[in-house]
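[1] Fold the following.
(chains A and B)
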Amino acid sequence: MNKLRGKVAVVGIGEVPTGRYPELDCMDYLVESSYQAVQDAGIDKDEIDFVIPCGTVYFQGFNSDLITSRIVEELGLKRVRNNAQVFSGGATSATMLKIAGSLIYAGEAKNVLCVHADKLGTGLTGQAGIDLFAYAGIHREWEVPFGQHYSAIAGLSLTRYMHETGTTDEHIAAVQVSNRKWAELNPNAMFRKPLTIEEVLKSKMLSTPLRAKQSNMLADGGSAFIVTEAQRAKDLTEKPVYLLGGGSRVTHYSISQEKDITRFGYADAAREAFQQAQLSPGDIDIAELYDSYPIYELIALEELGFVGRGEGGQFFLDGNTWPGGKLPVTTNGGMSSQGHTGGGGGVAILVEAIRQLMGKAGQRQAKGARFAAVSATGGTYMDAHVEILGTEIP
Amino acid sequence: MTDINTIPQRPVPEKSRVATPFWNAMRENKFLIQKCNSCKNYVFYPRIRCPHCFSDNLDWEEASGKGTVYSYTTVLNNAPSGFINEMPYTVAIIRLAEGVQMLSNIVGCDPHEVECDMPVEVVFEKLNDEVTLPKFKPAKT
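    Residues are numbered from 1 along each chain as shown, chains lettered A, B, ... in the order given. Got it, this is the predicted structure:
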């Protein structure tokens, strides 16, 4: 990863609105996101020589299509040499970017299209969504038989985190309120109505102490980005977004096997990423932190070093992370407000970081943002990824 | 009202070959865990090779059945289909005295009485003739 520092850049992004669109096909999201990314990059579609589709979860048959190059055919890409799926669940944003960058650096690819779409909002009924996430990434011998599922996993992390740090329900609710303030300004977000701490705390209890309005909502959606070599990027756009550093750790598969479900591997991942970027948390203008549930966004804020352990809740509650705040955090509204599109929830957060750095975030633009930290995690928070992006190479 | 007849059965463990001695002992209300003969570490869940030293020289030992609650959550809404009839139920990560962790349920007490670091002990819950699950209740003090 050290070698990649400043060598590759994202030059184009695309995204369709996240929500419930029964009248649209998953292919609509894929084609539109890819089209936007190509237009944004200002390249010819036939310059794309490597396609990386993220995994789609709602229907295995559709995912098989992506593995077997359907997106290349649908887009009519004429000079693609490889189509290879990369899938690490919610962490795919990070692994796609890292793999795309490595291929470019090694000379195996010139312009890589990374694309995601899923139809979790209308491709599944409500209970089928709950049931899917009572198996996906959950051990069928040692966890499924005990009623494990993702709300319970968030409940387990919350219980222990609050026990160790004294963080309150109000603090946790403040994370979701912060995300919603950003989503209000995001035309692609699913939930855009203002939300108060009281409303969060009045919503029904799912798995103690996790409440319904602290949960993500499954959604349809898609997003894409194009990675290219740094020199080429400068010719294409005034503001290429360089990959400056990255760090990661895989800690477990089953959440019950993780020694610290309130920290994971974020601190080690962050140390690596900041070292490679030659930056520190104080240099970062925006933090695009993966949520899926607010507790994991809170953990990332602390473990990446933006605030001390146990201080994150108050930092959110005081409005530091809001539009106009000291450190804008998860400025698309996160999966809890923009919507949870499977592996794409993380891709949307990465695309938002790029959008902010490119200065294309419209009403929610963080002024003068030069450096962003992005976190991602997949499965039952099996891995911790941190990427540092910037519009200049420090 | 949910129709009882349409609710799927509670899922049973998809048993692995390596865990056969564990599941066989469970049926006799015995709780076995692996111990590595090479590095002497306890291992749970059952592995093909020791996750500490990579040896395949693993033996079975009866566990103390005692541990503490690392964390817990009580499921009140939106349970998976097979557990709709079980609500409210408490899911917990147990730290066994042997130093390994496992997922289970806390039974035999009001969910409000469960706390982090609370001592617990194993109880055996027979699901059917083939499957008995290890669950945990507050330890007698």
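
[2] quick one: low-confidence parts of the chain?
    In the absence of a named chain, this looks at chain A. A:1 (pLDDT under 70).

[3] actually it's chain B I care about, not the one you picked
    B:1-8.

[4] For chain A, what's the nearest residue on it?
    Among the residues of chain B, residue B:73 lies nearest to chain A; the distance is 2.9 Å by C-beta to the nearest C-beta. Every C-beta, even on glycine, is put in place using the N, C-alpha and C of the backbone.

[5] what's the helix or strand where residue A:179 lies packed up against?
    Per DSSP states H and E: residue A:179 is located in helix A:169-183. With contacts taken as 3 or more C-beta pairs under 8 Å, 6 or more residues apart in numbering or on different chains; DSSP states H and E, helix A:169-183 sits against helix A:197-202, helix A:294-303, helix A:312-317, helix A:334-337.

[6] mind saving the C-alpha coords of the last one as PDB?
    Listed in PDB are the C-alpha atoms of helix A:334-337, where the atom choice follows Å, rounded to 0.1, in the frame of the first residue of the first chain:
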ATOM      1  CA  GLY A 334     -24.900   6.900   6.300                       C
ATOM      2  CA  MET A 335     -26.800   3.700   5.900                       C
ATOM      3  CA  SER A 336     -29.000   4.700   8.700                       C
ATOM      4  CA  SER A 337     -30.400   7.700   6.800                       C
END
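
[7] tally of neighbours for residue A:60?
    Applying other C-beta atoms under 10 Å in any protein chain shown, we find 9 residues neighbouring residue A:60.

[8] picking up where we left off before, I'd like the helices and strands packed on helix A:169-183 laid out as CSV, including mean neighbour count and distance to residue A:180.
    Below are these laid out as CSV (neighbours: other C-beta atoms under 10 Å in any protein chain shown; distance: least, C-beta to C-beta, whole Å):
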stretch, mean neighbour count, distance to residue A:180
helix A:197-202, 15, 9
helix A:294-303, 28, 11
helix A:312-317, 24, 12
helix A:334-337, 30, 5
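
[9] From one end of stretch B:96-112 to the other, what's the distance?
    Terminal residues of stretch B:96-112 lie 22 Å apart, using C-alpha to C-alpha, to the nearest Å.

[10] List the buried residues in it.
    Residues of stretch B:96-112 classed as buried: B:96, B:98, B:100-106, B:111 (neighbour count, 16 or more other C-beta atoms under 10 Å in any protein chain shown).

[11] Grab the nearest non-local neighbour of residue A:120.
    residue A:218 (4.0 Å; C-beta to C-beta, 6 or more residues apart in numbering or on different chains).

[12] contacting residues for the residue nearest to the spatial centre of chain A?
    Geometric centre of chain A, nearest residue: residue A:346, 1.8 Å, by C-alpha atoms, centre = their mean. Neighbouring residues of residue A:346 by C-beta atoms under 8 Å, 6 or more residues apart in numbering or on different chains: A:90-94, A:290, A:376-378.

[13] Among those, which are located in helices?
    Among those, DSSP state H puts A:92-94 in helices.

[14] Can you spell out the domain ranges of chain B, please?
    B:14-63, B:64-141 (automatic domain parsing).
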